[in-house]
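# Next comes the sequence, and after it the predicted model I'd like to discuss.
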Amino acid sequence: MTVRGQIVRFALVGVVNTGTYYGLYLALLTVLPYVAAHVVAFLLSMVGSFFLTSYFTYRTRPTWRKFLLFPLTNAANFVVTTSGVYLLVDVFRFERTYAPLIAAAAAIPITFAVSRVIMLGPDRRSVEPAPEEERAPAG
């Protein structure tokens with residue numbers, strides 16, 4: 001599994017996660033106030049994102065430890081994008097309507113790195129068995 005492949009799969013999971021969040025948000029708006037709809041949709045889509053990131057992006061088994069650490073990827077994204085928007089608008093005088101897009105793009109590598117550490121940290125068991133030549137010899 002190459003890092004390039006992980007990055008592509010990470011981006012695809014991001015697209016699916018965004019669509020899932022937005023679909024849930026719209027559906028929940030029919031029965032909840034918008035803030036509650038946002039929070040519930042965000043949490044549900046984050047759970048889905050965790051499993052997609054685990055199985056699809058990094059091909060690793062999900063664990064409770066990873067599940068509990070996974071929100072740090074969102075925290076990292078929030079810090080980078082918020083700092084980025086501030087710097088772009090107040091320091092570099094970028095247009096405030098475009099600054100979040102640039103900051104979000106800048107956050108992708110950092111969010112990827114944080115998620116990679118969380119998902120492939122101490123527990124490196126893969127969902128797929130390793131090819132024969134990569135397995136340790138028996139005995």
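Arrived safely. Residues are numbered from 1 along each chain as shown.
# The chain: helices as residue ranges?
For the chain, the helices defined by DSSP state H cover 3-28, 34-52, 64-69, 71-86, 99-120.
# ok, and the closest non-adjacent residue to G121?
Spatial nearest neighbour of G121, chain neighbours left out: K66 (7.6 Å); criterion: CB to CB, 6 or more residues apart in numbering. Just so you know, the C-beta spots here come from the backbone N, C-alpha and C atoms, and that holds for glycine as well.
# F10 touches M119, doesn't it?
No: in this structure F10 lies outside contact range of M119 using CB atoms under 8 Å: 9.9 Å.
# where does the protein dip in pLDDT?
Along the chain, the parts satisfying pLDDT under 70 run over 122-139.
# 80 instead, please
1, 122-139 (pLDDT under 80).
# what's near enough to touch V39?
With contact set as CB atoms under 8 Å, 6 or more residues apart in numbering, V39 has no partners.
# how much space between it and L24?
11 Å (CB to CB, to the nearest Å).
# circling back to that earlier point, so how far is F51 from the residue nearest to G121?
Applying CB to CB to K66 and F51 gives a distance of 10 Å.
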